[in-house]
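[1] test case, fold it:
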Amino acid sequence: MATFNGSSKASFYAYLRMEIWENWKDTANNYTNIGYKLSLVSSNGWPYASGGSYPWSIKDNDVVKASGTISSYNVSAGGTFQIATGNFNVTHNADGAKWCDFYAEFTSSAHGYIDVYGGMHLVTIPRASIPTLSASTVDYGGSVTIYTNRASTDFTHNMWASFSGETVIIGNSYTTSASFTVPLSLMNKIPNATSSWGTIYVDTYSGGTFIGTKTIVLNTTVPASIVPTITSKTQAEAVTGIFANIGGYVQGISKVTATLAGAGTYSSKITGYEITIEGKTYTGASVTSDLLSGSGSSTITYKVTDSRGRTTTGTNDITILAYTQPTLTSFSVVRKDKATTTLQVERSGTFSHLTAKNQATMVIYTKLKTATDWGTAKSSVNSTTGSYSEVIELTGHADTSSYDIKVVFYDEFTSGNPSSATLSVGTEIVPMSWSRTGIGAGKVWEQGALDVGGDGFVSGNLTVAGTGGNVYTTSKKPTPAEIGAEVVAVTGQNANGYYIKFADGTMICYGRKALGTMAISTAWGSWFISTAKSVTYPVAFVGSPASLSVNMDNTTGDIAVWLNALTTTTTFDGYFARGQSGTFNCSMAWMAVGRWK
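    Model prediction:
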């Protein structure tokens, strides 16, 4: 209770006393019932009595809360006279707080006008409940508990929420808490994001009376499980005819066309497609790979990305059939004993049969050594076994003439670039023959003054006058290059280069390889090196080559060559080095010397 004493009237020695107290509160209607008592107090030893009509009033913030009149009063010496007592209601502010400025006044004929005033805080009335959450962030599809923190057990609450402009009804008549599961469908409102937020509204009621509304923000996130889907992922042979004829992908021959389709979830859109084939990633929903370089099982990886940045991957496995180009492994020609017009041709080779569906063809041509046209094939044979070896006889080759014999070996993929080799066979072996212009020794004469078939042995000195004035004697022997001599078993070529097989087992392989644009940018001490460059010999050596040389040319400066140890009979690897980093358009020429038998 608060008591306020007013000022005394100096001439009449009396003052007005106002006593104020809080009786009870109406929470639902947000007001306090105030009790009051207004008294006239004597401030000296004189009694006072008066009759008439004397008004009084009590105000709060200039609003009259109670008033009346009295017809008489009697104040004993030093005593108190009660003018009025009662109660009135004071409405609180919207937040339940209230400050009161009370003012009372009384007028009488004996004391004239006297007043009293004073202020006080009323006890705050609890208003709308202020909610809290069990978690500030929750996944869509997850649940959160809303605590009302109500101020009165009479309060109940209706709850609803708003997310990205969509209203969600949570429920009504909750007392202390409510469980709210965030609908998954709300993710349709954020197709381009993985998180958002919403506002939860808590309406407080006392009985059926609405008291107020409080809000709280809930952060929401898209669950990690919400990702786009791959609706289809397929691949097919990109090179016409290969899959239909072979029934599979072929190493170094096939390309893959891979196609990918996907769909977003909860209104997201597919924004990116990636397909990885043999370690190389291609961008797009339909892509065609480079030539397949590996063999065996290979995994194609498909990936879609949606507008939320979420991804999904899938894989398909394909089988790549191992493949190498057909290779001639041996080739020889002799005249048949006692039937010298018949040539005996031995040839063999290996190829990739690709489950017996790749057919290789070996063809034999012959021509007079002096002719330029090979004419029609003398023999042609097909095989699907992976290797072929046979000796055949070709009739009708005059023993008085020399012939060139060529073997051509190709399969379904190399008919335009076959492996081939050429040998020559001389005339029949005879002790001696004559013509009007020359003599043949060990063979039938065909050319020159002396046409020798076989080795020559001279017990005395031999002098040969060569063209261009060169004179060769026993003490000054000509080089093979000077007299055009060669001892060759087989020559040939394929896509990997050229080879020469000598009768003594020596083999020379050589070729040229265009490297295209090549970066020499990896630091290596004070130098910079390229990635490894690999070269495959056209024919395998029986052991590591005895020597290897590489020459490199480019248009932007000298490049040093460094080679790895020659540890393989079929390939060599090289790194190219330079004192400065850069990118170069290069090619290289190489030659390896070793043995084929």
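[2] what sits against Gly86?
    If you count contacts by C-beta atoms under 8 Å, 6 or more residues apart in numbering, Gly86 has them with 35-36, 66. (C-beta placed from N, C-alpha, C; glycine too.)
[3] average pLDDT for the helix or strand containing it?
    Taking DSSP states H and E as the definition, one finds Gly86 inside strand 80-91. Averaging pLDDT along strand 80-91 yields 95.
[4] what's downstream of it, the next helix or strand?
    In the C-terminal direction, the helix or strand that comes right after strand 80-91 (DSSP H and E) is strand 98-108.
[5] from the contacts of Gly86, which is closest to Ala449?
    Nearest to Ala449, judged by C-beta to C-beta, of the contacts of Gly86 is Gly35 at 156.2 Å.
[6] so what's the residue count around that closest one?
    Other residues near Gly35 come to 15 when the count uses other C-beta atoms under 10 Å.
[7] low pLDDT regions in the chain?
    Scanning the chain for pLDDT under 70 picks out 1-3, 5-12, 45, 429-446, 453, 456-489, 553-567.
[8] okay, now the domains of it?
    Domain assignment for the chain by automatic domain parsing gives 2-122, 132-221, 229-321, 327-425, 491-595.
[9] what about the strands in the stretch 301-450 of the chain?
    Secondary structure of the stretch 301-450 of the chain, counting by DSSP state E, counting those that start in this stretch: strands at 311-321, 327-336, 339-350, 360-368, 379-383, 387-394, 403-410, 419-425, 432-434, 439-441, 450-452.
[10] need these in TSV (columns: mean neighbour count and distance to Val144).
    Below are the strands of the stretch 301-450 of the chain laid out as TSV (neighbours: other C-beta atoms under 10 Å; distance: least, C-beta to C-beta, whole Å):
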stretch	mean neighbour count	distance to Val144
strand 311-321	15	28
strand 327-336	18	73
strand 339-350	18	72
strand 360-368	19	73
strand 379-383	14	75
strand 387-394	14	74
strand 403-410	22	74
strand 419-425	19	75
strand 432-434	13	112
strand 439-441	17	110
strand 450-452	15	107
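[11] mind putting the ones you listed into TSV with distance to Val239?
    Converted to TSV, these look like this (distance: least, C-beta to C-beta, whole Å):
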stretch	distance to Val239
strand 311-321	13
strand 327-336	22
strand 339-350	23
strand 360-368	19
strand 379-383	22
strand 387-394	26
strand 403-410	17
strand 419-425	21
strand 432-434	57
strand 439-441	55
strand 450-452	53
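[12] about what we covered before: would you list the domains of the chain in JSON lines and tack on distance to Gly454?
    Formatted as JSON lines, the domains of the chain follow (distance: least, C-beta to C-beta, whole Å):
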{"stretch": "domain 2-122", "distance to Gly454": "127"}
{"stretch": "domain 132-221", "distance to Gly454": "89"}
{"stretch": "domain 229-321", "distance to Gly454": "45"}
{"stretch": "domain 327-425", "distance to Gly454": "14"}
{"stretch": "domain 491-595", "distance to Gly454": "14"}
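[13] residues near Met588, how many?
    Neighbours of Met588 (other C-beta under 10 Å): 21.
[14] which residues does it contact?
    The neighbourhood of Met588, defined by C-beta under 8 Å, 6+ apart, consists of 512-513, 515, 533, 550-553, 561, 574.
[15] list the neighbouring strands of the helix or strand where it lies plus their orientation.
    Using DSSP H and E, Met588 sits in strand 582-595. Paired neighbours of strand 582-595 in the sheet (DSSP bridges): strand 506-520 (antiparallel), strand 547-554 (antiparallel).
[16] deepest-packed of the ones you listed, please.
    Ranked by average neighbour count under the criterion mean count of other C-beta atoms under 10 Å, the strands paired with strand 582-595 are headed by strand 506-520 at a mean of 16.
[17] contact partners of that one?
    Strand 506-520 has contacts (C-beta under 8 Å, 6+ apart) with 496-502, 528-531, 533, 535, 537-539, 541, 545, 559, 576-578, 581-596.
[18] and it, C-alpha only, in PDB?
    Output of strand 506-520 as PDB, limited to C-alpha atoms (Å, rounded to 0.1, in the frame of the first residue of the first chain):
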ATOM      1  CA  THR A 506      70.000 -57.400 -86.000                       C
ATOM      2  CA  MET A 507      66.900 -55.200 -86.200                       C
ATOM      3  CA  ILE A 508      66.600 -51.500 -86.600                       C
ATOM      4  CA  CYS A 509      63.300 -49.700 -85.700                       C
ATOM      5  CA  TYR A 510      62.800 -46.100 -86.500                       C
ATOM      6  CA  GLY A 511      60.000 -43.500 -86.800                       C
ATOM      7  CA  ARG A 512      58.800 -40.100 -86.300                       C
ATOM      8  CA  LYS A 513      56.100 -39.000 -83.800                       C
ATOM      9  CA  ALA A 514      54.200 -35.700 -83.700                       C
ATOM     10  CA  LEU A 515      53.700 -34.600 -80.100                       C
ATOM     11  CA  GLY A 516      51.600 -31.500 -80.800                       C
ATOM     12  CA  THR A 517      51.400 -28.800 -78.200                       C
ATOM     13  CA  MET A 518      53.500 -30.000 -75.300                       C
ATOM     14  CA  ALA A 519      53.900 -28.200 -71.900                       C
ATOM     15  CA  ILE A 520      57.400 -28.300 -70.400                       C
END
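[19] following that strand in sequence, what is the next regular element?
    Assigned by DSSP H and E, the successor of strand 506-520 is strand 522-524.
[20] tell me how far that next one lies from the chain's centre.
    28 Å (C-alpha atoms, centre = their mean, to the nearest Å).
[21] can you list contacts of the next helix or strand after it?
    Using DSSP H and E, the helix or strand that follows strand 522-524 in sequence is strand 527-529. Strand 527-529 is contacted from outside by 520-522, 560, 562, 575-582, using C-beta under 8 Å, 6+ apart.
[22] just stretch 239-253 next, same as before
    Stretch 239-253 is contacted from outside by 236-237, 254-256, 291-295, 318-323, 354-355, 357-358, 412-413, using C-beta under 8 Å, 6+ apart.
[23] contacting residues around Lys37?
    Contact analysis of Lys37 by C-beta under 8 Å, 6+ apart lists 18-19, 82, 84-85.
[24] using CSV, list the CA coordinates for the helix or strand containing it.
    In the assignment (DSSP H and E), Lys37 maps to strand 31-42. Included here for strand 31-42 are C-alpha records, laid out as CSV according to Å, rounded to 0.1, in the frame of the first residue of the first chain:
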residue,chain,number,x,y,z
TYR,A,31,-6.3,-4.3,-15.3
THR,A,32,-5.6,-3.9,-11.6
ASN,A,33,-8.3,-3.1,-9.0
ILE,A,34,-7.1,-0.2,-6.8
GLY,A,35,-8.3,0.4,-3.3
TYR,A,36,-8.2,3.9,-1.9
LYS,A,37,-8.9,5.9,1.3
LEU,A,38,-9.1,9.7,1.4
SER,A,39,-8.9,11.5,4.8
LEU,A,40,-8.7,15.0,6.3
VAL,A,41,-6.0,15.2,9.0
SER,A,42,-5.7,17.9,11.7
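[25] quick one: it to strand 80-91, angle?
    160 degrees (axes from the mean of the first three to the mean of the last three C-alpha atoms, to 10 degrees).
[26] for His111, grab the count of nearby residues.
    Neighbours of His111 under the rule other C-beta under 10 Å: 22.
[27] what separates it from Gly51, distance-wise?
    Relative to Gly51, His111 is positioned 13 Å away (C-beta to C-beta, to the nearest Å).
[28] again, but for Pro538
    According to C-beta to C-beta, Pro538 stands 143 Å off from Gly51.
[29] neighbour count for these two, which is higher?
    Set Pro538 next to Gly51 and count neighbours by other C-beta under 10 Å: Pro538 wins out with 18 against 13.
[30] residue contacts, that one?
    By C-beta under 8 Å, 6+ apart, the contact list for Pro538 reads 492-499, 509, 511.
[31] let's see the PyMOL selection covering just the buried ones among these.
    Buried members of the contacts of Pro538, defined by 16 or more other C-beta atoms under 10 Å, are picked up in PyMOL with:
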select buried, resi 492+493+494+496+497+498+499+509+511
